[in-house]
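Chemist: Quick one, fold the following:
(2 chains)
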Amino acid sequence: MSQRINVAVLGTALPLLAGALIYVGARSTDLLMFEWMQWAGMSSLALETRSLVGPALNTAPAWIRYSLPDALWLLAYLNSVQLIWGSTFSDAARWWTGAGVALAIGHEAAQGASLIRGTFDPNDLAAYLGAIVVSAAFTHRFRPDTNTNLP
Amino acid sequence: MKTYKHATSVAALCLAALMMVATTAHDCRMDTCEALAIGTDGPTELEIDAATIAVLRVAGRDTLQTIIIEPGLRAEVNATATITAPSAPEQAGNLRVYMGDGDFYPDAWTGHSADTAGAVNGLFLVADANWSNEDVTRERRVDFDLYTIGDEDAFYVVVWTGETPLTFSIALNGEVSLYDEQCDDDGDVRGCEILNPTADFTIIELSTERTE
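Modeler: Numbering: from 1, shown residues only, chains lettered A, B, ... in the order given. Predicted coordinates:
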């Protein structure tokens, strides 16, 4: 069970939180998420967060602000699939893993083709690739325990 | 069990898609959004909802809209902001004033005297007043100077009222000076030749009233 907790905390919750912090702290407030946060009464939280982590993030390289969150979120998704299915080697797990990767890369490709709003960045694709590699390593590291939890 | 797992996987994928949507830009940027574009060419009064940031776009030079800074030039803004509350707020709260570029990017404006410790990305905290109903001064006056290099930058004032209903007005005046960027690269333009000595701000006043 401790392995599953590791996957849940280190592999899923932590990347999600880190990606969210980068976005809230260092990205343009033109993003829809800020409008949603305002609607949810979280503007104060957003501003405080920007005040707290923004100065540090603004001195960080651009890829940390613009590409790393994408990688973190794909990593969180891939690890959540592992968490749900217990193994990435079942057909269903493979299907859901592929769906997430397809969504991420397709989203970026659609931006490149101007089909949706957003900016295509090859660094984002590289970040996705990195997330897949890290997730595979994560799966390898925590596989034995998760396999014992198969139904 | 498998149905439950598939349902959870669908939820995870939907969450991922939702995050992708949430992190795309909204069409209404600060400089085009009708509700936020306040200045001499726009409305001078604005009602802001609870916990809303009111944005006053300040501009120098004769266009009164945008400070155009050609590549190779450096602009320095010296100004005074006076924030006045004609009546006490109904409860204690913050009134914070940030200044800088409207896109929140860090590389556009840099502060000299502004409190960089309270910076919110490209915005610098220049006034953080915990006004209460016992406050009798009703006025905060802040002198500040900021500079930017070689870009087409707008200069904004962001007033954050937090959760406190507050009526206030803000007045700004100051000037923009343009320098040769190469004159001094350490952020200090003292002694540099001023290419455009005084591009004055027009005094702009903004009144906002929070409505619940």
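
Chemist: So residue A:65 sits against residue A:19, correct?
Modeler: No: with contact defined as Cβ atoms under 8 Å, residue A:65 does not count as touching residue A:19 (11.1 Å). Glycine gets a C-beta too; all of them are placed from N, C-alpha and C.

Chemist: Do you know the pLDDT at the spatially most central residue of chain A?
Modeler: Note on chain A: the residue nearest the mean C-alpha position is residue A:73, at 0.5 Å, using Cα atoms, centre = their mean. We note a pLDDT of 90 for residue A:73 in this prediction.

Chemist: And the one 3 residues further on, by the same measure?
Modeler: Confidence per residue is given as pLDDT, and for residue A:76 that number is 92.

Chemist: And for residue A:6?
Modeler: 77.

Chemist: Assign it to helix, strand or coil.
Modeler: Put simply, residue A:6 is helix when judged by DSSP: H, G, I helix; E, B strand; the rest coil.

Chemist: residues touching it, list them.
Modeler: residue A:142 (Cβ atoms under 8 Å, 6 or more residues apart in numbering or on different chains).

Chemist: can you tell me how far it sits from chain B?
Modeler: Distance of residue A:6 to chain B, given as Cβ to the nearest Cβ, to the nearest Å: 18 Å.

Chemist: I'd like to know how far that residue sits from residue A:25.
Modeler: To residue A:25, residue A:6 is 26 Å away according to Cβ to Cβ, to the nearest Å.

Chemist: Same question for residue A:132.
Modeler: Distance of residue A:132 to residue A:25, given as Cβ to Cβ: 26 Å.

Chemist: Number of residues surrounding residue A:93?
Modeler: Here the number of neighbours of residue A:93 (other Cβ atoms under 10 Å in any protein chain shown) works out to 20.

Chemist: and the residue lying closest to it once chain neighbours are set aside, how many neighbours?
Modeler: Leaving aside its chain neighbours, residue A:93 sits nearest to residue A:85 (3.9 Å; criterion: Cβ to Cβ, 6 or more residues apart in numbering or on different chains). A count of nearby residues for residue A:85, using other Cβ under 10 Å, gives 26.

Chemist: and if you look at residue A:65?
Modeler: Burial of residue A:65 is recorded as 19 neighbouring residues (other Cβ under 10 Å).

Chemist: Repeat that for residue A:102.
Modeler: Number of residues near residue A:102 (other Cβ under 10 Å) recorded here: 11.

Chemist: Quick check: which ranges of chain A have low pLDDT?
Modeler: Counting by pLDDT under 70, chain A shows low-confidence ranges at A:1, A:28-30, A:58-59, A:62, A:87-89, A:114, A:117-119, A:143-151.

Chemist: Could you pull out the helices in chain A for me?
Modeler: Using DSSP state H, the helices of chain A run over A:2-6, A:14-26, A:32-39, A:43-58, A:62-66, A:68-85, A:91-112, A:122-147.

Chemist: Could you name the helices and strands sitting against the last one?
Modeler: What it means is helix A:122-147. Using 3 or more Cβ pairs under 8 Å, 6 or more residues apart in numbering or on different chains; DSSP states H and E, the elements in contact with helix A:122-147 are helix A:2-6, helix A:62-66, helix A:68-85, helix A:91-112.
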